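Visitor: prediction below, plus the sequence it came from.
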Amino acid sequence: MSTYTVSGRFQSRDGDQVFTKEIEAENESLARERLYTLIGSQHNRKRTQIEIDEVVSA
C-alpha cells in the first residue's frame, strides 16, 4: 500500500474548513473514497459537501 496526501475543504457552520490528511491506500481512487468515508463519518458531511483539491503520492 502507498501513502497519499489528500487536501481540500468541506462546508461547516463557520464556512469552509480546510484539511490535509495522510491516507494509506492501494491507489489514488481508493484514497479519495477513504477520505470521503472519514470526513463524512467524523464531521457528518455528504460527498457533495466535500471538495478534494489534490491527491499526491507521498
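Guide: Great, that's in hand.
Visitor: from Ile23, how far off is Leu38?
Guide: Using C-beta to C-beta, to the nearest Å, Leu38 is found at 8 Å from Ile23. Where C-beta positions appear, they are placed from N, C-alpha and C, glycine not excepted.
Visitor: would you mind measuring from the residue lying farthest from the centre of the chain to Thr5?
Guide: Centroid-distance maximum for the chain: Asp14 at 18.8 Å, with C-alpha atoms, centre = their mean. Noted for Asp14: a distance of 25 Å to Thr5, by C-beta to C-beta.
Visitor: all helices of the protein, in order?
Guide: Secondary structure of the chain, counting by DSSP state H: helices at 28-43.
Visitor: which residues does the closest residue to Lys46 other than its chain neighbours contact?
Guide: The shortest distance from Lys46 to any non-neighbouring residue, by C-beta to C-beta, 6 or more residues apart in numbering, is to Gly40 (6.7 Å). By C-beta atoms under 8 Å, 6 or more residues apart in numbering, the residues touching Gly40 are 46-47, 50.
Visitor: same drill for Leu38 and Ile23, tell me which one is more crowded.
Guide: Ile23 (20 against 15; other C-beta atoms under 10 Å).
Visitor: does that one touch Ser7 like I think?
Guide: No - between Ile23 and Ser7 there is no contact under C-beta atoms under 8 Å: 10.8 Å.
Visitor: residue closest to the middle of the chain?
Guide: Leu35 (3.6 Å).
Visitor: chain neighbours aside, what residue packs nearest to it?
Guide: Val6 (4.8 Å).
Visitor: next, count neighbours for the one you found.
Guide: Neighbours of Val6 using other C-beta under 10 Å come to 23.
Visitor: same thing with Glu24?
Guide: 12.
Visitor: so what's it bridging to?
Guide: Counting by DSSP bridges, Glu24 is bridged to Thr3.
Visitor: now swap in Glu51 and tell me
Guide: Bridge pairing for Glu51 - DSSP bridges - gives Arg9.
Visitor: okay, it: pLDDT?
Guide: If you check Glu51, the pLDDT there is 97.
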